[in-house]
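*Asks:* got a sequence here, can you model it:
(chains A, B and C)
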Amino acid sequence: MPDLGIEVLFKGTNMLRLLQGLWVAMRISLISIAVSIPLGIIVGALMTVKNMAVKAVSKVYLEVIRIMPQLVLLFLVYFGTTRAMGINLSGELASIIVFVLWGTAEMGDLVRGALISIPKHQYESSQALGLTKSQTYLYIIIPQTLRRLLPLSINLITRMIKTTSLVLMIGVVEMLKVAQQIIEANRMSSPNAAFGVFLVVFVLYFLACWPISMLARYLEKKWS
Amino acid sequence: MNWEFIIKYLPLYQRAAILTVKIGVIGIVFAVLVGLVCAAVQYYKIPVARQITAVYIELSRNTPLLVQLFFLYYGFPKIGVRLSAEVCGVVGLAFLGGSYMAEAFRSGLEAVDDVQKESAFSLGLNSRQILGYVILPQALSTSVPALVANIIFLLKETSVFSAISLMDLMFTAKDLIGLYYKTTESLFLLVVFYLLILLPVSIVGTLLERRLRYAGFGD
Amino acid sequence: MKNLKKFLTLGLTAALTLALTACGQSAATSSAEGSQAAASSQASEAAEASAAEDTNAIYRTLDEIKESGTINIGVFSDKNPFGYVDENGEYQGYDVYFANRLAKNLGVEANFVSTEAANRIEYLQTGKVDVILANFTVTEERAQEVDFALPYMNVALGVVSRNDKVIDSLDNWNPDDSIIVISGTTAETYLTSNYPDIPLQKFDSYATAKEAFQNGTSVAWANDNTEVIAFSLQNEGYTVGIPSLGSADTIAPAVSKGNTTLLDWINEEIKTLGQENFFHADYEATLLDTYGSEYEDSLVVEGGETK
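*Replies:* Numbers count the residues shown, from 1 in each chain, chains lettered A, B, ... in the order given. Okay, here's the model as predicted:
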């Protein structure tokens, strides 16, 4: 068995730094998702409004954001904003902005889908039962929407965590960059460290995302 | 905006776009194949293979493509497996996309009601005919929206290929920024070329989706 | 419905194109405004200081840096032994040693920002860092975009290859072989303009380039000769077949174009540090382990004076 270089992770504070790198990624996605959910609900609700102009604007926003690779958006925001507006953003802030823009679009689409998936007869039946409009939403529509929405939005969290690996490319020191630094600092003593260290990064990402995916699946099964 | 610069480096972007599309398409074709195999294994509940596909799907869906590629391109040569960047790109895309495609096919297959199979059987169709004429046409048309979404998703994911030294659109833009400091122009070309690739796919996808809705039975 | 979709698609493309073109134009005008504002604010003193902030002065002046208590310094985090991160997460290396001293003499904390070669100019032009100390070779093209201070190191280009196939010339190149370069380095510029027929395998960071070179992706790696020599000394099985290529250049700190207060201060520092032979001490602290004392005199530039 050749030396696979996992031992470099036990030198100094290397393993801790790797985990801190993961935390940077998690922090970016958790902040972004926390902001995206309320914004996404608003955008999603706006998309079901009858007003054509509102609908068109939200549709264009959704399409623009969803068609561009996230990496391109990161570059546009990170380098583009300073050039165009003179606002200087740190890599982390730029990432949060991009993830919020993207998360809001995705969330908005999910909300829209969940809202229109509630059959019309639900509204009609509640009206027939004498419920007021706000009662209909509070007791009938929103609970059903939430059940459809929750598993999907939990899935969005794992998608965000995975996408945070891209922020390496705009200079944020997250897990992959720390991994590269560790490999670089130990190139002489462990030339094969790239295998072991990247394997550990792979496993750590899996451990971060897998339980969240499982939770989403469990909720989906339970409520379907 | 420096138009001279844009015209001068247009061919470079063209070449990069061709590379992006080429590796993207090959990767997606393999992803579809992997997806079909996985979906079939799960549909027919083949022992052992079923557990292996389940593990594969979890691994593929819960790790980022960038990390998969790093491991494949920089890590694997340490144990003697040396793949070119192009091959890594295709393998990475197939590894990531396979699980998403499998999911799309699975939901399509599950959407075909048992009644349909039973009715077809009682009409005297053999199992191959049932698969070919009853199950697959309905399953595939149900899968189309998910398939199109996956194709767009995978084409977008190709942007991380720059990390393994493939001269795709992303790397070309980054490289030109580093060489000639023309950020605005380089980013402008980047966006235009991604739109040229992704917008047609998105539009064709929407049209196809609408067309196939008629194929549904009984709604 | 069909028309709506068409309309949307059209609108979307038009909007994006417009937005981007507008971005480009406003970028051009705003940077012009920025430098004007900077010039005028210098002329009309403190009353204008807050106005300068509003009108996009991208960089921070020496006083602003002092006031904030930290200086943002762009360094490499994967270019051993010039700029890298050790196993305790501390930045180390020849550039970093100098950076720490600058921060200390300025009386502020050093905040290190990890950079890649291709981003260095961008980081200065967008004010993401105050100064770049990332082994930045002075070239005419770069000097049009940023302001270089006095040099602190000599450099040329070099090419390293494996012992079993040492490359000592770039002439009669076999078109099936490629050379690894790092995007945004002088090696890339030099080979692109002087040897356009040699296939280049480009990487965006030192870490990935070295990894790929060790993995046998290409027959050679072209970079600063200081770095390839260090690589051949640190790793077994490699020879620098071409130790000096292109012109003899220098490495210097760089600041955003027009940031004269910071530039002048750094120049003064470099001169003052020369009196205590600071860069020789830097060499001995950070590079001696790799190079031995053999390269000390040819590599170090003391007091900003090249011989």
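*Asks:* number of nearby residues for residue 143?
*Replies:* Answering for chain A, as no chain was given. Residues near A:P143, counting by other CB atoms under 10 Å in any protein chain shown, number 10. The way it works is simple: take the backbone N, C-alpha and C, and place the C-beta from them, glycine included.
*Asks:* wait, chain C was what I had in mind.
*Replies:* Other residues lying near C:A143 total 13 when counted by other CB under 10 Å.
*Asks:* repeat for B:P145
*Replies:* If you count neighbours by other CB under 10 Å, B:P145 ends up with 17.
*Asks:* same deal with the one 10 residues further on?
*Replies:* Neighbour count for B:L155, taken as other CB under 10 Å: 23.
*Asks:* surely it meets B:L199?
*Replies:* No - taking contact to mean CB atoms under 8 Å, the distance of 11.1 Å between B:L155 and B:L199 leaves them out of contact.
*Asks:* what residues does chain A put near chain C?
*Replies:* Counting by CB under 8 Å from any CB of the partner chain, chain A comes close to chain C at A:8, A:11-14, A:17, A:56, A:59-60, A:63-64, A:79-80, A:82-86, A:88, A:90, A:169, A:171, A:173, A:177, A:180-188, A:191, A:194.
*Asks:* among the residues you listed, which are located in helices?
*Replies:* Applying DSSP state H to the residues of chain A next to chain C, the entries found in helices are A:14, A:17, A:56, A:59-60, A:63-64, A:82-85, A:177, A:180-185, A:194.
*Asks:* tell me the buried residues within the residues you listed.
*Replies:* Neighbour counting with 16 or more other CB atoms under 10 Å in any protein chain shown marks A:14, A:17, A:59-60, A:63-64, A:82-84, A:177, A:180-185, A:194 as buried within those.
*Asks:* what subset of these is also close to chain B?
*Replies:* For chain B, the contacts drawn from those by CB under 8 Å from any CB are A:E63, A:R83, A:A194.
*Asks:* quick one: which of those is nearest B:V81?
*Replies:* Comparing these against B:V81 with CB to CB picks out A:A194 as the nearest, at 12.4 Å.
*Asks:* contacting residues around the closest one?
*Replies:* A:A194 makes contact with A:G5, A:I183, B:Y74, B:G75, B:K78, C:E211, according to CB atoms under 8 Å, 6 or more residues apart in numbering or on different chains.
*Asks:* likewise for C:D249?
*Replies:* By CB under 8 Å, 6+ apart, the contact set of C:D249 is C:T137, C:V138, C:T139, C:N154, C:V155, C:A156, C:T186.
*Asks:* mind running it again at 6 Å?
*Replies:* Contacts for C:D249 were tallied using CB atoms under 6 Å, 6 or more residues apart in numbering or on different chains; they are C:T137, C:V155.
*Asks:* confirm it sits in a helix?
*Replies:* No - remark: C:D249 does not belong to a helix; assigned using DSSP: H, G, I helix; E, B strand; the rest coil, it is strand.
*Asks:* so it bridges to which residues?
*Replies:* C:D249 forms beta bridges with C:V155, as assigned by DSSP bridges.
*Asks:* quick one: it from chain B, how far?
*Replies:* Going from C:D249 to chain B by CB to the nearest CB, to the nearest Å gives 17 Å.
*Asks:* where exactly do the strands run in the stretch 101-250 of chain C?
*Replies:* For the stretch 101-250 of chain C, the strands identified by DSSP state E, counting those that start in this stretch occupy C:109-114, C:131-132, C:146-148, C:153-162, C:179-182, C:200-203, C:220-224, C:238-251, in order along the chain.
*Asks:* and the contacts of the fourth one?
*Replies:* In other words, strand C:153-162. Residues outside strand C:153-162 that contact it (CB under 6 Å, 6+ apart) are C:137, C:167, C:187, C:190, C:219-222, C:224-226, C:228, C:231-232, C:238, C:240-246, C:248-251, C:299, C:301.
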